[in-house]
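Participant: build me a structure from this.
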Amino acid sequence: MKGRVYMTVLTLITTWTLATPSLAQEEGSGQAQLLLEDLRTFTDVFNQVRMNYVEELDDMRLLDAAIRGIIAELDEHSRFISADSFREMDDASRGRFGGIGVEVEFEDGRIIVVGVPQGSPANAAGIRPGDLITAVDGRPVKGRAIPETMDALRGEPGTDVRVGVSTPGQDSRELVLTRAFIAARSVESRVLEDRFGYFRISHFHAETGKEMEASVRRLAGQDGSRLAGAIIDLRGNGGGAMNAAAAVADGFLDSGQILHTESRHADMDMEFTASPGEWLPGRPLVVLVDEKSASASEVLAGALQDHGRAVIVGRTTFGKGSVQSVLAMRNGSGLRLTTARYFTASGNAIEGVGIEPDVPVTGDSGQALEKALEILRQRAAG
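Facilitator: Numbers count the residues shown, from 1 in each chain. Below you'll find the model as predicted:
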């Protein structure tokens, strides 16, 4: 096997290069192309590392590192996805994944448990909100990239994982948990005072739109008369499926553009528009956001803000306004590649800017919720 990957890389590069009519410039692109000599430099570096690095490295590991290096240079959102992670991502997009069943927040490099669904392996093992996850399969969380740790917690249902857990005031312990399919419900709802509905969307997956509609119908009735207004809480929601965010926006809008995208190729641009019919017609809405509300969350907040359908309360959102396409590779792996940027109905860019709240609230979560209720009371009464 030694040298096989190296020769494959060299053959692919040479074939691609010889098949390119002009190495100096791609026709009509205005972009300089690499010379064959430049491409050979890559294979030279590859070979020097595999032959002379202080430790012997597997050829496939080197090739994988080379691919990841290319993607890492593009932007913070694009990444190469291993075959195992790609399968898990497909499950997650459908609203399920293999894991232990914990909802977490990240603070100063720590992983803090904030929710444990009933019936999950974590719940059965006694993990509770407030606990810290300190290690996975013997590797400490400290000093390790958080996405890497989260990937280690996930895995094929039926497989075991060792999890270090620390409860404040108690000794740390190690638990062996068997992963299971976790139904990742994304919407929690309840009725607050004065018949105001509260809907917290933790993330967006393929079923979020249906979950949201079912929650609204359950609390408000088919005609919406049981609710005098509603709060949509997107704080801490890092995004997810863009179509799901558009579906929720559509539910609260009767017409008009929700968002549009702009890409390198015009034929790939998309536009989402609302269809007639609303879930809570005439009822006031407030959307809660913070600096962790990103991507699909910003699309939803921006659409409702642009159409004057909701008052946005809280802190300026994260500012992730780019679209990542997930592309399947031949060997079962995947590529998460930034392919477009999206804009609100009014043409405002979100990337690097975020959604500015109509009513800024810099205090704690309780203050933001109280401000939202105050706004709903005023609007429902007026």
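
Participant: the helix or strand containing residue 369: which residues count as buried?
Facilitator: Here residue 369 sits within helix 365-381, counting by DSSP states H and E. By neighbour count on 16 or more other CB atoms under 10 Å, the buried set for helix 365-381 is 368, 369, 371, 372, 373, 375, 376, 377. Bear in mind the C-beta positions are built from the backbone N, C-alpha and C, glycine included.

Participant: repeat that for stretch 296-308.
Facilitator: Buried residues in stretch 296-308 (16+ other CB under 10 Å): 296, 297, 298, 299, 300, 301, 302, 303, 304, 305, 306, 307.

Participant: residue 248: which of these is nearest?
Facilitator: Relative to residue 248, the closest of those is residue 300; by CB to CB it sits at 5.6 Å.

Participant: now the closest one: closest residue in space, sequence neighbours ignored.
Facilitator: residue 245 (4.5 Å; CB to CB, 6 or more residues apart in numbering).

Participant: got it, and residue 327?
Facilitator: Per CB to CB, 6+ apart, closest to residue 327 is residue 335, 4.5 Å.

Participant: pull the residues that contact stretch 126-146.
Facilitator: 100, 102, 104, 106, 109-116, 149, 152-153, 161-168, 172, 174-175 (CB atoms under 8 Å, 6 or more residues apart in numbering).

Participant: run the chain-centre distance for that stretch.
Facilitator: Stretch 126-146 sits 21 Å away from the centroid of its parent chain (CA atoms, centre = their mean, to the nearest Å).

Participant: do the same with stretch 305-322
Facilitator: 17 Å.

Participant: for stretch 235-243, same thing?
Facilitator: That offset, for stretch 235-243, works out to 6 Å (CA atoms, centre = their mean).

Participant: what about it, how long is it end to end?
Facilitator: 19 Å (CA to CA, to the nearest Å).

Participant: average pLDDT for it?
Facilitator: Averaged over stretch 235-243, pLDDT sits at 89.

Participant: which positions in that stretch come out as buried?
Facilitator: For stretch 235-243, by 16+ other CB under 10 Å, it's 235, 236, 237, 238, 239, 240, 241, 242.

Participant: give me the residues contacting it.
Facilitator: 93, 105, 186, 201-206, 208-209, 245, 288-290, 292-299, 314, 318, 320, 323, 342, 365, 368.
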